[in-house]
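Novice: Based on what follows, work out the 3D shape:
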Amino acid sequence: MKFVVIAGIFLFFGIGLSAQNPIPKTETTRVLYVYEENNPSLDVWKRLIKMEYLASGFQFEERSAAELGTVDLSRYDSILIHGAVMVFTWKEPLRDWLERNQTFAGRRVVLLVTANQWFLKEYQTRLAELLQKSRAQVDVVSAATKSLTDQEKLQLVRETIRMLGGTR
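Specialist: This next block holds a predicted model:
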């Protein structure tokens, strides 16, 4: 019964998964977590993601796209890109970083998009198109997050980490 409820939550909130098999995790799997910007509305997501990374045993670094600039992606096996629609702002540091960044070929990329229902699909599509242009193998996890409970947020993050090869 619990599985049916969790599965229903993911279907209800429109989570799209493109790949069926997560990458195999090794003791040295290195993940880069890139999020939109340092913003208090992202703190809960950053905390949950960090907690799940640590529980999964990944080596990871987290960086804001607003501060990132160019990074040597060859140091990472996988990249988690967290796009979040920020209320009342036209800044899109993540989109800007993706537009100027080098190719993601050879890296597993998971795109997590958290937004309200109005902007979710549009923003997700825009980021996914930028990643596909850079030859990334992309899996997408997204949800309209305005009314998610803390447990539903945790389940969303766990699904995201599972796609990177985590076991929780």
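Novice: can you point me to the longest helix in this structure?
Specialist: Assignment by DSSP state H gives helix 117-133 as the longest helix of the chain.
Novice: helices or strands up against it?
Specialist: Here helix 117-133 touches strand 78-84, helix 93-100, strand 108-115, strand 137-144, going by 3 or more CB pairs under 8 Å, 6 or more residues apart in numbering; DSSP states H and E. In this view, the C-beta of every residue, glycine as well, is placed from N, C-alpha and C.
Novice: Need the mean per-residue confidence for the last one.
Specialist: In other words, strand 137-144. The predicted model gives strand 137-144 an average pLDDT of 77.
Novice: worst-scoring helix or strand of the chain, pLDDT-wise?
Specialist: Ranking every helix and strand in the chain by mean pLDDT, DSSP states H and E puts helix 2-12 at the bottom, with a mean of 38.
Novice: Give me the sheet partners of the helix or strand following that helix and which way each runs.
Specialist: Sequence order places strand 30-35 as the next helix or strand after helix 2-12, per DSSP states H and E. With DSSP bridges as the test, strand 30-35 is paired with strand 59-64 (parallel), strand 78-84 (parallel).
Novice: quick one on the thing from earlier: how about the longest helix of the chain, which residues are buried there?
Specialist: By neighbour count with 16 or more other CB atoms under 10 Å, helix 117-133 contains the buried residues 119-120, 123-124, 126-128, 130-131.
Novice: For the most centrally placed residue in the chain, name its beta-bridge partners.
Specialist: Centroid-nearest residue in the chain: residue 112, 2.8 Å away (criterion: CA atoms, centre = their mean). On the basis of DSSP bridges, residue 112 is bridged to residue 82, residue 141.
Novice: Show the contacting residues for it.
Specialist: 80-83, 141-142, 156, 160 (CB atoms under 8 Å, 6 or more residues apart in numbering).
Novice: One more pass at 10 Å, please.
Specialist: Residue 112 sits next to 15, 33, 35, 45, 49, 80-84, 124, 127, 139-143, 156-157, 159-161, 163 when contact means CB atoms under 10 Å, 6 or more residues apart in numbering.
Novice: Much appreciated, bye for now.
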